[in-house]
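Peer 1: Quick one, what's the 3D model for this:
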Amino acid sequence: MKVYRSIKEFTTLKNAVVTSGTFDGAHLGHHKIISMLKETAAKTGGESVVLTFWPHPRLIVSPNSQKIKLLSTLDEKIELLENLGVDHLVVLPFTREFSELSSEKYVEDILISGIGTQTLVIGYDHRFGKNREGGFDYLQRNANRFKIDLVEIPRQEIESLTISSTKIREALISGDVKTANGLLGRPYSFEGLVKKGRQLGRTIGFPTANVHVAKKYKLIPANGVYAVRVYLRNSELNGVMNIGERPTVDGKGITQEVHILDFDDDIYGETLKVEIIDFIRDEQKFDGVESLIKQINSDCEKARTILA
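Peer 2: A predicted model of the protein is given here:
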């Protein structure tokens, strides 16, 4: 898959089959859209093009943008779409100026002149241009003038997209990882740099990696203990992760701490990818360190069973 960070980088295609959207999380609903895109491209002898936007439009135009949480970073989205077999991915920088672009200019400058769109795969409710003035009905009315063939994404597919995105976020926020992973079609994941913490885990025999997620908009699941898979140095490892404030040891602020099973290397400064497989229990405060150690041992055994 070829990736372009602006429309200026893109060379107009002779037969571009295009769809557009934010594709946050690239979940199973999105898979259906991409399959439709690829099938249409194969039938028409064209090349598949996904048009997406970054930053996410809501991060720019929403008055509560600081509270918005996303399922994927840009790098994650690129990797997920590449795995789906898209030919071209155009990432349009989304700015307030871009949001003021009229629907006419969007079609002429981006879809026609910029990409060379011959076929557009689009949902009945898709809106574009200033004040969301453009849509499927607008394109239908101007089909002869624009010379773009339209393929409508069925209403039920569009509605399932909305339901899926909302359900995934709600499930993760409540700790229902199984539901989220089922809708995503893969384990929910994040990655971050391992930073030095207070190193209290090491003193009780359970060293942990304090994973710092740099992107503040990345959704972190509910506080609790999880069975996880960890990817480090091209190796897949099993682990237990605590998300929360570590109340037993007077923790301050929410952290993501991963105890990698049967592993004790120094990994400070390295990048860790964490796949969240299942929820084990809520975070809780224990009477003392001995009770905490006993519970961590139990958590590790549960994780081994889940991950076996």
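Peer 1: Secondary structure class of V49, three-state.
Peer 2: strand (DSSP: H, G, I helix; E, B strand; the rest coil).
Peer 1: Please name the bridge partners of it.
Peer 2: Note on V49: beta-bridge partners V18, H88, judged by DSSP bridges.
Peer 1: so where's the protein uncertain?
Peer 2: 198-205, 246-252 (pLDDT under 70).
Peer 1: Next, name the residue at the spatial heart of it.
Peer 2: S72 (2.1 Å; C-alpha atoms, centre = their mean).
Peer 1: what are the ranges of the strands in this structure?
Peer 2: Ranges of strands in the chain, per DSSP state E, are 2-4, 16-20, 47-54, 88-93, 117-123, 127-128, 134-135, 149-153, 188-195, 209-212, 224-232, 235-244, 255-260, 271-281.
Peer 1: Give me the helices and strands touching the longest one, please.
Peer 2: Yep, that's strand 271-281 we're talking about. helix 177-184, strand 188-195, strand 209-212, strand 224-232, strand 235-244, strand 255-260, helix 289-307 (3 or more C-beta pairs under 8 Å, 6 or more residues apart in numbering; DSSP states H and E). Every residue, glycine included, has its C-beta placed from N, CA and C.
Peer 1: Now do the contacts for the residue nearest to the centre of the chain.
Peer 2: Shown in contact with S72 (C-beta atoms under 8 Å, 6 or more residues apart in numbering): 24-26, 80.
Peer 1: TSV for the strands of the chain, including mean neighbour count and distance to E170?
Peer 2: Putting these into TSV (neighbours: other C-beta atoms under 10 Å; distance: least, C-beta to C-beta, whole Å) gives the following:
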stretch	mean neighbour count	distance to E170
strand 2-4	15	31
strand 16-20	26	25
strand 47-54	22	23
strand 88-93	19	27
strand 117-123	23	22
strand 127-128	16	24
strand 134-135	19	27
strand 149-153	16	24
strand 188-195	18	13
strand 209-212	20	23
strand 224-232	22	15
strand 235-244	19	17
strand 255-260	22	20
strand 271-281	19	14
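Peer 1: would CSV of the ones you listed with distance to E290 be doable?
Peer 2: Compiled in CSV, these are given as follows (distance: least, C-beta to C-beta, whole Å):
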stretch, distance to E290
strand 2-4, 53
strand 16-20, 57
strand 47-54, 49
strand 88-93, 52
strand 117-123, 57
strand 127-128, 59
strand 134-135, 63
strand 149-153, 58
strand 188-195, 28
strand 209-212, 23
strand 224-232, 18
strand 235-244, 18
strand 255-260, 17
strand 271-281, 18
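Peer 1: Just tell me which of these ends up closest to E159.
Peer 2: strand 117-123 (9.5 Å; C-beta to C-beta).
Peer 1: Including distance to I267, could the helices and strands packed on strand 271-281 go into CSV?
Peer 2: Shown next, in CSV, are the helices and strands packed on strand 271-281 (distance: least, C-beta to C-beta, whole Å):
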stretch, distance to I267
helix 177-184, 24
strand 188-195, 5
strand 209-212, 6
strand 224-232, 7
strand 235-244, 11
strand 255-260, 8
helix 289-307, 18
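Peer 1: so which of the ones you listed gets nearest K218?
Peer 2: strand 188-195 (5.8 Å).
Peer 1: Please name every helix or strand in contact with the closest one.
Peer 2: helix 177-184, strand 209-212, strand 271-281.
Peer 1: Can I get it in PDB, CA atoms only?
Peer 2: Provided in PDB are the C-alpha atoms of strand 188-195 (Å, rounded to 0.1, in the frame of the first residue of the first chain):
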ATOM      1  CA  TYR A 188      -7.500  -4.000  21.200                       C
ATOM      2  CA  SER A 189      -4.000  -2.700  21.600                       C
ATOM      3  CA  PHE A 190      -1.800   0.300  22.400                       C
ATOM      4  CA  GLU A 191       1.900   0.900  22.500                       C
ATOM      5  CA  GLY A 192       4.200   3.100  24.500                       C
ATOM      6  CA  LEU A 193       7.600   3.800  25.900                       C
ATOM      7  CA  VAL A 194       8.700   2.000  29.100                       C
ATOM      8  CA  LYS A 195       9.500   4.600  31.700                       C
END
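Peer 1: Touching it from outside, list them.
Peer 2: By C-beta under 8 Å, 6+ apart, strand 188-195 touches 71, 76, 168, 172, 177, 180-181, 209-214, 218, 220-221, 256, 267-276.
Peer 1: wait, which of the strands of the chain is closest to S102?
Peer 2: Closest approach to S102 among the strands of the chain (C-beta to C-beta): strand 134-135, 8.0 Å.
Peer 1: Neighbours of the residue nearest to E82 when sequence neighbours are not counted, how many?
Peer 2: Leaving out its chain neighbours, the residue that sits closest to E82 by C-beta to C-beta, 6 or more residues apart in numbering is M1, at 4.3 Å. Using other C-beta atoms under 10 Å, M1 has 15 other residues around it.
Peer 1: if I pick M1, what's in contact with it?
Peer 2: Applying C-beta under 8 Å, 6+ apart, the residues near M1 are 81-82, 85-89.
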